[in-house]
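Sequence and predicted structure below; questions after.
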Amino acid sequence: MSDDLTDPADLTDPTDRTRLTDRTRLTGPAGLTARSAGAETGAGAGADARSRAQLTDALRELAQSHESPPRLPGAEIRRRAAVRRGRRRGAALAGGAVAAGAVVVALTVGLGVGQGGTAGRTTTPAASHSAPAPPAGTADLSRRLLTVEGRELPISSGALKAPTPTGRMTVTAKYPTKLMPTEGMGAGAVLGGEYEVRLPWVIELRTPDNRTNYIVAMTYNESAVGRQDTTHGWIGLRSSDAEWLYERLRPGDILAVEGAATPGGRDSAGGAGSDGERAMTGSGQ
């Protein structure tokens, strides 16, 4: 039977018709023969192989692009570690040198004055330990003299039973005139029944024990100034000297009062200390 016969009606031999029918069954719905189907199967397998090869190449390229850099050799790692240790050691030595230098400077400053340091290195004492301000004047009770600006002013101070306080007195106030209690005037004050009297050129003082005292013009008994100590603690001056002193002292000034009243009646010039003594001396001559 010829392979080109396709119509079963043309076949007279039953065997040929059977072969043709079997051959027709091998043909698919799309008209493909078994040989064509085998060819397509082989083509699909080749495409799959190419796809797998392409995927493999892509994965290899991706892996290569994300590879870690090659590790350093052991010698290079050790060299870098040695460099880091050297830097840390150098920093530590530098810090120690700075601290040691600071200690040396502190010791030098602290010991320089005590071990022959120059005058420029002398430290200034604290304000609380500074030397006291010099007084504006000095009252010497034993000589009955008040010295201010080189001028000596005769004074009369407190009697032995009511001595004038001594020490550094501070000027706290000044009064051109002031009512003063008569109890401070002492002997020689002839005031009748008055308990206060107005005195000029009064300077108020504060004593070291925080009491109040005064420098006054002894208008009530100027003859005792420089000759007798007759007050009850005040420092008495002649009126002209009291005015001169009033113009020079200021609140805050310091007046140093020292010594003690001299027993007896000798004046600051060495003469007799009272009018009675002078009278007796004159009568004896």
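Yes, it's here.

what about Val83, neighbour count?
9 (other C-beta atoms under 10 Å). No exception for glycine: its C-beta is placed from N, CA and C like everyone else's.

Wasn't it part of a strand?
No - counting by DSSP: H, G, I helix; E, B strand; the rest coil, Val83 is not found in a strand; it is helix.

How confident is the prediction for Pro208, by pLDDT?
We have a pLDDT of 94 for Pro208.

is it true that it lies in a strand?
No - the assignment for Pro208 by three-state DSSP gives coil, which leaves it out of any strand.

Give me the helices and strands touching the helix or strand containing Ala139, please.
Ala139 is part of strand 137-140, with elements assigned from DSSP states H and E. Counting contacts by 3 or more C-beta pairs under 8 Å, 6 or more residues apart in numbering; DSSP states H and E, strand 137-140 is packed against strand 145-148, strand 254-258.

Could you tell me which ranges of the stretch 101-250 of the chain sit under the pLDDT cut-off?
101-129, 184, 186-194 (pLDDT under 70).

quick one on the thing from earlier: can you redo the helices and strands packed on strand 137-140 as CSV with distance to Arg198 and mean neighbour count?
As requested, the helices and strands packed on strand 137-140 are exported to CSV (distance: least, C-beta to C-beta, whole Å; neighbours: other C-beta atoms under 10 Å):
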stretch, distance to Arg198, mean neighbour count
strand 145-148, 23, 18
strand 254-258, 23, 19
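
got a markdown table for the ones you listed, with distance to Ala242 too?
Formatted as a markdown table, those follow (distance: least, C-beta to C-beta, whole Å):
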| stretch | distance to Ala242 |
| --- | --- |
| strand 145-148 | 10 |
| strand 254-258 | 14 |
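
Just the CA atoms of the strand holding Ala139, as PDB, please.
Provided in PDB are the C-alpha atoms of strand 137-140 (Å, rounded to 0.1, in the frame of the first residue of the first chain):
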ATOM      1  CA  GLY A 137      45.500 110.900 114.400                       C
ATOM      2  CA  THR A 138      46.800 109.700 117.700                       C
ATOM      3  CA  ALA A 139      45.700 110.800 121.200                       C
ATOM      4  CA  ASP A 140      48.400 110.200 123.800                       C
END
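
What pairs with it, parallel or antiparallel?
Using DSSP bridges, strand 137-140 pairs in its sheet with strand 145-148 (antiparallel), strand 254-258 (parallel).
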